[in-house]
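> Predicted model follows, preceded by the sequence.
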Amino acid sequence: MKAQRRYNDADLKDITEIHTKTLFKELKRTRDQKIREELIERHMYIAEILAKKYTNKGIDYDDIYQVACMGLIYAVDRFDVDKGYEFSSFATPTIIGEIKKHFRDKGWTIRVPRRIQELSKKINNAKVILSQELKRSPTVEDIANYLNSTEEEILEAMEGSKVYTPQSLDLTYDSNNDDKDLNLADLIGEEDAYFDKIENSDFLIRAMRKFNDMEKKILQDRYFDRRTQVSIAEELGISQMTVSRVEKRIIEKLQKEMAKTLI
């Protein structure tokens, strides 16, 4: 039987320059841990982007990031390169699934400070009393005066009370004409803009590996720093026409790379 090839230190010296799909094929064939570690490190940005999306939702960012990283590791281990998908397209829902599972296990409970809890109860009682006395719904100013508090404190407590007892995403509603009931999660879902951001970032990282140093600089200066061809030419000591030709070459390379992703 032919022995499996293992990557040695010399092979791995330039591993960062190897195409991602090639690395996944080698990982599938050899199960080499150094290749696995490189793939995980190469795609850590996906975990970071998705973790940041779920900040300020009751769980520390560091905890969310750790869960996202675990999701990334699961994605690397489960990804089948032979199915033809881009890894970022596979990894993103896997990581989001792990993050949502973590929130679900935590009960989606947001810890509200005790002073907010106590003030929230007083506000509810004040609303009942003031509604009877004023013969109308009390304003924030009315409640603040009644409780000898500031309007800012009243608004803070009212907002805090909304998240103190969140509704379950599994809550169902009658869909009237349809036979199937709807979940709250179905009603509040929206297109995730981060999917496109991750895809675009993955595409640029892959494409720029094929650029030389001058092409990378001109791409950065022209499309990220919004510099003119003239200013770039002056800095590099070349003609504006040369910058224009290089920019055209960059666009052609990006178009070819884009065509490959559409096949």
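Happy to help now that I have it. Numbers count the residues shown, from 1 in each chain.

> only C-alpha atoms for contact and neighbour calcs from this point on.
Fine.

> quick one: contacts of the top helix by length along the chain?
The longest helix of the chain (DSSP state H) is helix 240-262. Helix 240-262 has contacts (C-alpha atoms under 8 Å, 6 or more residues apart in numbering) with F203, A207, F211, E215, I218, L219, Q229, V230, I232, A233.

> is it true that F103 lies in a helix?
Yes. Under DSSP: H, G, I helix; E, B strand; the rest coil, F103 falls within a helix.

> Near it, how many residues? Count them for me, please.
The burial count assigned to F103 is 17, neighbours taken as other C-alpha atoms under 10 Å.

> Now do the strands in this protein.
172-173, 182-183 (DSSP state E).

> Lowest average pLDDT across the ones you listed?
Mean pLDDT per stretch puts strand 172-173 lowest among the strands of the chain, at a mean of 53.

> rewinding a little: what are the buried residues along the longest helix of the chain?
By 16 or more other C-alpha atoms under 10 Å, the buried positions in helix 240-262 come out as Q240, V243, V246, E247, I250, K253, L254, E257.

> Just the closest of these to A157, please.
L254 (52.1 Å; C-alpha to C-alpha).

> Low-confidence regions, the stretch 1-150 of the chain specifically.
1-17, 56-58, 105-112 (pLDDT under 70).

> same thing but 80
The stretch 1-150 of the chain contains residues with pLDDT under 80 at 1-18, 55-60, 103-117.

> can you give me phi and psi for K135?
phi 60, psi 30 (degrees, to the nearest 10).

> okay, stretch 68-85 in CSV with CA atoms only?
Coordinates of the C-alpha atoms in stretch 68-85 are reproduced here as CSV (Å, rounded to 0.1, in the frame of the first residue of the first chain):
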residue,chain,number,x,y,z
ALA,A,68,-17.7,31.2,17.7
CYS,A,69,-14.2,29.8,17.5
MET,A,70,-15.5,26.4,18.6
GLY,A,71,-18.1,26.6,15.8
LEU,A,72,-15.3,27.4,13.3
ILE,A,73,-13.3,24.4,14.5
TYR,A,74,-16.4,22.2,14.0
ALA,A,75,-16.8,23.7,10.5
VAL,A,76,-13.2,22.9,9.5
ASP,A,77,-13.6,19.4,10.7
ARG,A,78,-16.9,18.8,8.9
PHE,A,79,-16.3,20.7,5.7
ASP,A,80,-16.3,18.5,2.6
VAL,A,81,-14.3,20.3,-0.1
ASP,A,82,-15.4,17.9,-2.8
LYS,A,83,-19.0,19.2,-2.6
GLY,A,84,-17.9,22.4,-4.3
TYR,A,85,-19.0,24.9,-1.7
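
> Return the set of buried residues in it.
For stretch 68-85, by 16+ other C-alpha under 10 Å, it's 68-77, 79-81.

> Mind checking which of those are in helices?
A68, C69, M70, G71, L72, I73, Y74, A75, V76, D77.
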